[in-house]
Each structure stands twice: as structure tokens, then as C-alpha cells.
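> Provided below are the primary sequence and the corresponding predicted coordinates.
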Amino acid sequence: MYSFMGGGLFCAIVGNILLVVSMATDYWMQYRLSGSFAHQGLWRYCMSGKCYTQTDSIAYWNATRAFMILSAMSCFAGIIAGIFSFAHFSAFERFNRSFAAGIMFFISTLFVLLAMAIYTGVTVNFLGKRFGDWRFSWSYILGWVALLMTFFAGIFYMCAYRMHECRRVANPR
């Protein structure tokens, strides 16, 4: 049980770090504009070595940003619940922190999946046609890797919960 929780906690911490790095960096998409290379992230775009804040309030930008922030927050809440699941002090007998942590990691996975799907759909269907020579970049890829890490963190914590429940049913108090 503790090995599953430890693996889940490791995946969650790495996933949360990747979420924050992915959100904060400016390399979601790279493209060629007027003969020079440019790149953009969720918050800024850079052309010819100068970066500018994205001031446009476009729905897909706001949705992607919001879902990424919600994902990082729910992953952080899952990490806190996961750390508390190692300690067995609880005022609630029926509340299982490893189950709560697993659910928080699955919620984080759902939010990052929504963010990545929105960004991918708009980029491929709109921006990809606008810029001829473009590609997704490493910040975008980190978002997908973070999705996998939070998903596996949820799987590990659900396995730990199942092992705990099986032991509890086999050895009633």
C-alpha cells in the first residue's frame, strides 16, 4: 500500500511541476512570421527576440489558462491529501485520504485534458491555417506529459485505496 502511495506521490509532484512549467513558459507553439521565428505560450508571445504580453481576451486562451490553473490547484490539493494519507490521524472514520487524493488527481487529469484539447483544436483548425510553417513546442508537450503523470498518480492512489479496503474487510476491528 505504501509503495503505491509513494509512487503516486512521486508522479503527482512531478506532474504538478510539469504543469506549472508548462503554464509559465512561452513555447506552446513555434512558427515563422515574416521570415523570422516566433513562439507563443499561454501568457506571452515572442517575435524577433522581444516578448509581449497577450492582451487579447479570446475565449479559447482564457479557457486553456483556466483549466491549466484548475488542474495545478487540484493536483496540489491531491498532493496534500496524499501526504496526509501517510499519517493515520483522522477525525472521520469513513473518510479515506488515499481515495480523496486519487479523485483529486483524476480531476486534475480531466482539467489538463480539457485545456490541452481546447488548445489543440483551436491551434490546428485556426492558427495552423494562419501560419504556414508552425509546430507545437516543448511547453505544449510538457502539458501532455503532466496529464500522464497526474493520471498515473490517480491510478496509484486508487490501487493503494483498494489494498487498504481489502485489508480492512479481511481484518475487521
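Noted; the coordinates are in hand. Everything numeric in this text was worked out from a predicted model, so none of it was measured. Numbering: from 1, shown residues only.

> please name the bridge partners of the residue nearest to residue 136 when sequence neighbours are not counted.
In space, and not counting its chain neighbours, residue 136 is closest to residue 29: 6.0 Å by Cβ to Cβ, 6 or more residues apart in numbering. (C-beta placed from N, C-alpha, C; glycine too.) Partner residues in beta bridges with residue 29, using DSSP bridges, are residue 40, residue 136.

> please, where are all the helices along this structure?
With DSSP state H as the criterion, the chain has helices at 2-24, 59-86, 97-122, 128-130, 138-170.

> most tightly packed of these?
With neighbours defined by mean count of other Cβ atoms under 10 Å, none of the helices of the chain is more surrounded on average than helix 97-122, at a mean of 22.

> so what's the closest residue to residue 70 other than its chain neighbours up against?
Beyond its immediate neighbours in the sequence, the residue positioned closest to residue 70 (Cβ to Cβ, 6+ apart) is residue 111, lying 4.6 Å away. Going by Cβ atoms under 8 Å, 6 or more residues apart in numbering, residue 111 touches 67, 68, 70, 71, 74.
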